[in-house]
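Visitor: no letters, just coordinates:
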Ligand SMILES: Cc1cc2nc3c(=O)[nH]c(=O)nc-3n(C[C@H](O)[C@H](O)[C@H](O)COP(=O)(O)OP(=O)(O)OC[C@H]3O[C@@H](n4cnc5c(N)ncnc54)[C@H](O)[C@@H]3O)c2cc1C
């Protein structure tokens with residue numbers, strides 16, 4: 001059975017950045033995700049202040065657009081705040097995750113996609129973690145001293161029964177709008193638009 005110092009379960013932005021931080025070439029780190037391909041859950045792109053590019057030493061390739069304006073539209077009013085210089089970026093989440101993992105893999109981090117976490121067993125010097133390969137349904141275990149639950153809101157490791165989640169549950173609707181960038185549009189690449197209200 002393979003042994004690791006740290007096993008990170010979940011390769012979202014948090015898990016990938018964690019893998020990148022912990023991989024120093026000395027620790028044995030494994031990051032796994034049930035997703036086979038990051039394009040399969042590429043729902044989001046994050047609008048973030050420009051400072052995070054240097055703060056997290058992000059590769060320029062994860063930036064899909066820069067923005068220098070914010071527009072808030074409500075049911076009755078709207079307002080635009082503008083700056084002459086770029087204030088923020090919109091990231092491509094698939095490229096972000098791939099880029100963070102590429103850095104981690106350079107420092108010998110192992111990555112296993114299409115691998116679903118099943119359960120943990122306590123062991124004398126740590127844990128045995130059981131996984132399932134989602135294509136073959138083959139199950140296998142690895143040993144780890146430390147486990148990181150980076151499964152986001154699913155909390156698949158620390159709260160598999162989903163008891164007392166204590167979350168604020170809301171209902172919302174999100175549209176992913178694809179439009180031809182060559183035509184003029186109400187929306188602009190250099191502006192973050194927030195639409196609030198009921199119509
Ligand atoms: C539809 C949608 C649209 C969004 N839009 C935006 C946006 O425009 N801008 C923005 O900033 N944020 C957006 N978000 C939020 C953003 O996606 C999250 O804040 C961010 O992804 C959280 O990162 P994370 O790494 O903590 O968790 P996640 O990205 O949720 O990553 C958790 C990972 O754990 C894996 N996992 C879960 N259970 C298991 C298991 N049992 N075994 C193995 N792996 C497992 C999942 O496959 C996933 O890859 C959106 C979210 C959704 C769902």
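Guide: Structure's in. What do you need? Worth saying up front: this structure is predicted, and the values here are computed from it rather than measured.
Visitor: alpha carbons only for contacts and neighbour counts from here, please
Guide: Will do.
Visitor: and the strands in this protein?
Guide: For the chain, the strands defined by DSSP state E cover 3-9, 29-33, 47-49, 63-67, 69-73, 78-82, 88-91, 110-113, 115-123, 126-133, 139-149, 191-195.
Visitor: residue 98 and residue 194, how far apart?
Guide: 28 Å (CA to CA, to the nearest Å).
Visitor: more neighbours, those two?
Guide: A side-by-side neighbour count of residue 98 and residue 194, using other CA atoms under 10 Å, places residue 98 first with 17 against 12.
Visitor: check the gap between that one and residue 20 for me.
Guide: Taking CA to CA, one finds residue 98 at 11 Å from residue 20.
Visitor: next one: residue 101
Guide: For residue 101, the distance to residue 20 - CA to CA - is 6 Å.
Visitor: out of these two, which sits in the busier spot?
Guide: residue 101 (25 against 21).
Visitor: list the contacts of the closest residue to that one other than its chain neighbours.
Guide: In this structure, residue 101 finds its nearest non-sequential neighbour in residue 16, 5.7 Å apart by CA to CA, 6 or more residues apart in numbering. By CA atoms under 8 Å, 6 or more residues apart in numbering, the contact set of residue 16 is 31, 97, 100, 101, 104.
Visitor: can you redo the residues you listed as CSV with pLDDT and distance to the ligand?
Guide: Shown next, in CSV, are the contacts of residue 16 (pLDDT from 0 to 100; distance: CA to the nearest ligand atom, whole Å):
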residue, pLDDT, distance to the ligand
31, 98, 9
97, 96, 9
100, 97, 12
101, 98, 12
104, 97, 15
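Visitor: would you mind listing what in the chain touches the ligand?
Guide: The chain comes close to the ligand at residues 9-15, 33-35, 43-47, 115-117, 150-152, 154, 156, as judged by CA under 6 Å from any ligand atom.
Visitor: and if we set it to 8 Å?
Guide: 9-16, 32-35, 38, 41, 43-48, 114-118, 131, 150-157, 174 (CA under 8 Å from any ligand atom).
Visitor: of those residues, buried ones?
Guide: With burial judged by 16 or more other CA atoms under 10 Å, the buried subset of these is 9-16, 32-35, 38, 47-48, 115-117, 131, 150-151, 155-157.
Visitor: and the helix ranked longest in the chain, how far out from the chain's middle?
Guide: Using DSSP state H to define each element, the chain has its longest helix at helix 93-106. Offset of helix 93-106 from its chain centre (CA atoms, centre = their mean, to the nearest Å): 10 Å.
Visitor: out of the contacts of residue 16, who's nearest residue 168?
Guide: Distance to residue 168 across these (CA to CA) is lowest for residue 97, with 27.1 Å.
Visitor: number of residues surrounding the closest one?
Guide: Neighbour count of residue 97, defined by other CA under 10 Å: 19.
Visitor: that one contacts residue 18, correct?
Guide: No: counting by CA atoms under 8 Å, residue 97 sits too far from residue 18 to count as a contact (11.1 Å).
Visitor: so what's residue 51 closest to, chain neighbours aside?
Guide: Spatial nearest neighbour of residue 51, excluding adjacent residues (CA to CA, 6+ apart): residue 88 at 7.6 Å.
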